[in-house]
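Asker: mind looking at a prediction? Sequence and model below.
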There are 2 protein chains.
Amino acid sequence: MTGNSLDHHLQRYAQRTSSMKASAIRALFSVANRPEVVSLAGGMPFLQSLPLEALAADTAAMIAEQGLVAFQYGSGQGILELREQICEVMALEGIRAHPDDVVVTVGSQMALDLTTRIFIDPGDVILAEAPSYVGALTTFASYQADVVHVASDENGLVPSALVVAIEACRAAKRRIKMLYVIPNYHNPAGTTLSAERRPIIAQICRDADITLLEDNPYGLLGFDDTVHRAIRADDADNVVYLGSFSKTFAPGLRVGWVLAPHAVREKLVMANESATLNPPVFNQMLISMYLAKYDWQSQIKAYQVTYAERRDAMLGALETMMPAGTTWTVPTGGFYVWVTLPEGFDTAAMLPRAVSARVAYVPGTAFYADGFGSRQMRLSYCFPTADRIVEGVRRLAGVVNGELEVMKTFGSHAYRAVSGPQSPSPDTA
Amino acid sequence: MTGNSLDHHLQRYAQRTSSMKASAIRALFSVANRPEVVSLAGGMPFLQSLPLEALAADTAAMIAEQGLVAFQYGSGQGILELREQICEVMALEGIRAHPDDVVVTVGSQMALDLTTRIFIDPGDVILAEAPSYVGALTTFASYQADVVHVASDENGLVPSALVVAIEACRAAKRRIKMLYVIPNYHNPAGTTLSAERRPIIAQICRDADITLLEDNPYGLLGFDDTVHRAIRADDADNVVYLGSFSKTFAPGLRVGWVLAPHAVREKLVMANESATLNPPVFNQMLISMYLAKYDWQSQIKAYQVTYAERRDAMLGALETMMPAGTTWTVPTGGFYVWVTLPEGFDTAAMLPRAVSARVAYVPGTAFYADGFGSRQMRLSYCFPTADRIVEGVRRLAGVVNGELEVMKTFGSHAYRAVSGPQSPSPDTA
């Protein structure tokens, strides 16, 4: 034993390991599990409307009749029947694809991991919206990518800002590999990329020789019967598209997918095999059975109705209770509202006090690779009931107003000095 | 579009992607699926003895009663109850461990991937037995590790050869990070590391400041009521231990685990979250239910009896049918026999002819990072019935004798020249 260090493996880790950090998501799941806390933090779908009794019976039949296949090893690309059904799901967004170009993964997080794995060398630049999905930033960091954020507004990523960012990176001799975009009901921003901007952004990426990574877990969860046309629908050659059943069905099976140009798909299958041999056959067959046998589009409709009501509850409560100077986005689908507090706030520092007041959120800095977002926060309306959402916003407004009082009395400089740790304390984990 | 290249993404891939290659395993699964071929290639467990009807009913009850948990997101480390049960499983091999140091993964392949991810920088050396598991070699290559094989004999890894290999690497200023060992019923060698050598090898690794990665999917599948004491049982600080339910229960759920020293465990959880957010909750609950409610040790016993009969059938057929000069290992558990053909043979080149003769195996070169193993092959006895195994060996012996005739007539140089492609042709994939 080397003895001196508490972790004598310390000298043995890979360089990339120092880029790994405990996920903000992990702390939040723990917080969310405490029943007295109204969690506006986690992105857990509300599964109560799933037909559990029927699923139980059909899964039992599947095990009894096809258990020897379901419990066996399978293909590294995923089972063909499910890949065909995935193509039907994507067709709703205008995508024409061949099942041969689909790779099933352990959630779309694994698709994100594998795509990053095959494209990113340490120091390569990934362009991403400002803000962007915390789980993607974690994965990008674990492959030692440099994330450069590109300005986004209420219509999503700003094309002119993308051009400027590309030019700036090129001028600094930095190698840009990908643009990472969540076009629909953005996590965390709650915004949707406008139809006008989509082909413009795709063209910019093609011209700049940058792969466009389109991450679309929420696309079918719009509240106004609109399904936005995927960027991939008009660009089969340069877009790698990520999809998921976590929000349209259930996340506990961890089934997602990636649709990629054929040559890229081959690399992804190899990476998938290297990572897991194959995604779980059982889970794929269960979802395939669900898609074949159930009215899954009506289930999505039920989710839409539930989430729309909760979005309304949250927006109404914010409007009524939050102090002047607070702004937020107005999502037309998905799970999230992005809130900006007045100048001087520090949402990471405020989180322990919020949890003391029995409400939780995700501090904005989690969604930036560069420390921005300190006066912003992500609020989720997907899981708590409307009443609980209103109560949660009431508690949150109480905390925010309390902070404002302190700032008015002592000045925001003093407020920052006493505001404690910059990241969630053990208390909140 | 850049246009000229068929894959215009070619310039965008990460360096590591060039180290990825199509898995030999993939081609083999396809071959194994053709009913007219006796596949002695794949390592698929024989699941027919699983109590499918009972599992169907109990899984249905689990969905009906706990579906909202089973279908939801979960912890990046895995559910506590399963981790406690995993500690009970490992106790059979003398391991005393705390559930806090266990991380559940998507099969032990994912544990292998994550362990490699946190320890290996490009160019780092991983020491491994000669031969070693093809899926590990694929993963190590995908992280750009340099695998250095260490001589192994019928008692497993040779300690003196390990010392020599370490010294040679050190003299060449190469950085050794890990020793990868499959101590029980080795894949592909079929050998077991002797009890005498285990503490010696552990001590060599500690002295050399090298992490010992103990991969043990087959440990409970011995044919003589012996359970070999794990290396980890006597070295909690320097051993990272990988386990799996794929061979003792079923692979289609993809549930494995890693037991690691606490500081390493923390890194593995972060890597697990980055890769998948969390392993599928549903699958963990199903296995936890199985371990709690079923006599899983009797199920393992049933597997042992089945595989022992098949091992006997294979060894008997090899003894009767293979030409003089052919040798093989005698496994006391697990799935595999490692066959060495006489000087001059090339098992990769011979594979297309074997498949034409309706028998499949894995060429030995798949199990070496350095091109060795050309006259060796792995034969699996886990999946086909005893009759089919005998028929398969009969076909194989026919092919081998045919090759011998050619060599006798034209010389082995000519044999090599006409023996065709060095890797499985599209015909065999």
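Answerer: Yep, it's here. Residues are numbered from 1 along each chain as shown, chains lettered A, B, ... in the order given.
Asker: helix/strand/coil for residue A:194?
Answerer: Of the three states, residue A:194 takes coil under DSSP: H, G, I helix; E, B strand; the rest coil.
Asker: shouldn't it be in contact with residue A:155?
Answerer: Yes - in this structure, residue A:194 is within contact of residue A:155 by CB atoms under 8 Å, at 4.1 Å. For glycine as for every other residue, the C-beta is placed from the backbone atoms N, C-alpha and C.
Asker: tell me the pLDDT of residue A:428.
Answerer: Looking at residue A:428, its pLDDT reads 29.
Asker: tell me which element the residue of the stretch 251-400 of chain A found nearest chain B falls in.
Answerer: Ranking the residues of the stretch 251-400 of chain A by distance to chain B (CB to the nearest CB) places residue A:263 first, at 3.5 Å. For residue A:263, the element it lies in under DSSP states H and E is helix A:262-276.
Asker: for the residue of the stretch 251-400 of chain A closest to chain B, which non-adjacent residue is closest in space?
Answerer: Distance criterion CB to CB, 6 or more residues apart in numbering or on different chains; nearest residue to residue A:263, sequence neighbours excluded, is residue B:7 at 3.5 Å.
Asker: residue numbers of the stretch 51-200 of chain A in contact with chain B?
Answerer: A:52-53, A:55-57, A:59-64, A:67-76, A:106-107, A:109-110, A:113, A:117-121, A:124, A:135, A:138-139, A:142-143, A:177 (CB under 8 Å from any CB of the partner chain).
Asker: where does pLDDT dip in chain A?
Answerer: Residue ranges of chain A with pLDDT under 70: A:1-6, A:23-33, A:412-429.
Asker: which segments of it make up each domain?
Answerer: Here the domain parsing of chain A from the TED database is A:15-49+A:298-407, A:72-293.
Asker: buried ones in stretch A:339-346, by neighbour count?
Answerer: Neighbour-count burial for stretch A:339-346, with 16 or more other CB atoms under 10 Å in any protein chain shown as criterion, is recorded at A:339-342, A:344-346.
Asker: export these to CSV and tack on distance to residue B:218 and secondary structure?
Answerer: CSV is the format used below for those (distance: CB to CB, whole Å; DSSP: H, G, I helix; E, B strand; the rest coil):
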residue, distance to residue B:218, secondary structure
A:339, 54, strand
A:340, 56, strand
A:341, 57, coil
A:342, 62, coil
A:344, 61, coil
A:345, 57, coil
A:346, 54, coil
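Asker: out of those residues, what pair is the most spread apart?
Answerer: Spatial extent of those (CB to CB) is set by the pair A:339 and A:344 at 14.9 Å.
Asker: so which residue is smack in the middle of chain A?
Answerer: By CA atoms, centre = their mean, chain A has its centre lying nearest to residue A:133, at 4.6 Å.
Asker: which non-adjacent residue is nearest it?
Answerer: residue A:187 (4.9 Å).
Asker: look up phi and psi at the one you found.
Answerer: phi -100, psi 110 (degrees, to the nearest 10).
Asker: can you tell me how far it is from residue A:108?
Answerer: Computed as CB to CB, to the nearest Å, the residue A:187 to residue A:108 distance reads 12 Å.
Asker: quick check: neighbours shared by those two?
Answerer: residue A:217 (CB atoms under 8 Å, 6 or more residues apart in numbering or on different chains).
Asker: up against chain B, what does the stretch 251-400 of chain A have?
Answerer: Contacts of the stretch 251-400 of chain A with chain B, taken as CB under 8 Å from any CB, map to A:251-254, A:261, A:263-264, A:266-267, A:269-271, A:273-283.
Asker: could you rerun that using 10 Å?
Answerer: Taking CB under 10 Å from any CB of the partner chain as the test, the list of the stretch 251-400 of chain A residues beside chain B reads A:251-256, A:260-264, A:266-286, A:383.
Asker: now list the buried members of these.
Answerer: Buried members of those, counted by 16+ other CB under 10 Å: A:251-256, A:260-261, A:264, A:266-286, A:383.
Asker: now the strands: where do they sit in chain A?
Answerer: A:38-39, A:102-106, A:125-130, A:146-153, A:156-157, A:176-181, A:211-215, A:239-244, A:255-259, A:327-328, A:336-340, A:359-360, A:362-363, A:376-380 (DSSP state E).
Asker: run the chain-centre distance for the third one.
Answerer: Put simply, strand A:125-130 sits 14 Å off its chain's centre (CA atoms, centre = their mean, to the nearest Å).
Asker: and that strand, which strands flank it?
Answerer: Strand pairing for strand A:125-130, using DSSP bridges, gives strand A:146-153 (parallel), strand A:176-181 (parallel).
Asker: what sits against residue A:143?
Answerer: A:16, A:19, A:113, A:116-117, A:119-122, A:124, A:126, B:14, B:16, B:117, B:274 (CB atoms under 10 Å, 6 or more residues apart in numbering or on different chains).
Asker: and the furthest pair within those?
Answerer: Farthest pair in the contacts of residue A:143 (CB to CB) is A:126 and B:117. Separation: 18.3 Å.
Asker: my guess is the residue nearest to residue A:133 contacts residue A:337. True?
Answerer: No - using CB atoms under 10 Å, residue A:187 makes no contact with residue A:337, being 11.1 Å away.
Asker: what touches both of the two?
Answerer: Common neighbours of residue A:187 and residue A:337, using CB under 10 Å, 6+ apart, are A:378, A:380.
Asker: can you map out the helices along the stretch 101-250 of chain A?
Answerer: Along the stretch 101-250 of chain A, counting by DSSP state H, counting those that start in this stretch, helices occupy A:107-119, A:134-142, A:159-171, A:197-208.
Asker: mind putting those helices into CSV with distance to residue A:44 and mean neighbour count?
Answerer: Supplementary listing: the helices of the stretch 101-250 of chain A in CSV, determined by distance: least, CB to CB, whole Å; neighbours: other CB atoms under 10 Å in any protein chain shown:
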stretch, distance to residue A:44, mean neighbour count
helix A:107-119, 14, 27
helix A:134-142, 14, 24
helix A:159-171, 32, 16
helix A:197-208, 29, 18
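Asker: okay, these in TSV with distance to residue A:222 next?
Answerer: Shown next, in TSV, are the helices of the stretch 101-250 of chain A (distance: least, CB to CB, whole Å):
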stretch	distance to residue A:222
helix A:107-119	18
helix A:134-142	22
helix A:159-171	23
helix A:197-208	15
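Asker: spatially, what comes nearest to residue A:398 if we skip its sequence neighbours?
Answerer: Using CB to CB, 6+ apart and skipping residues adjacent in sequence, the residue nearest residue A:398 is residue A:357, 6.1 Å away.
Asker: burial measure for that neighbour, as a count.
Answerer: 18 (other CB atoms under 10 Å in any protein chain shown).
Asker: right, and it touches residue A:402 too?
Answerer: Yes - applying CB under 10 Å as the test, residue A:357 and residue A:402 come out as touching, 8.4 Å apart.
Asker: could you name every residue contacting both of those two?
Answerer: By CB under 10 Å, 6+ apart, the residues touching both residue A:357 and residue A:402 are residue A:350.
Asker: which residues touch residue A:281?
Answerer: By CB under 10 Å, 6+ apart, residue A:281 lies in contact with A:66, A:69-75, A:78-79, A:82, A:104, B:250-254.
Asker: and if you look at residue A:201?
Answerer: By CB under 10 Å, 6+ apart, residue A:201 lies in contact with A:150, A:156-159, A:162-163, A:179, A:181, A:183, A:193, A:212, A:214, A:231, A:235.
Asker: equivalent analysis for residue A:156, please.
Answerer: A:129, A:181-184, A:186, A:189, A:191-194, A:197-198, A:201.
Asker: buried ones from those residues, can you make that a ChimeraX selection?
Answerer: Buried subset of the contacts of residue A:156, written as a ChimeraX selection, criterion 16+ other CB under 10 Å:
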select /A:129,181,182,183,184,186,189,191,192,193,197,198,201
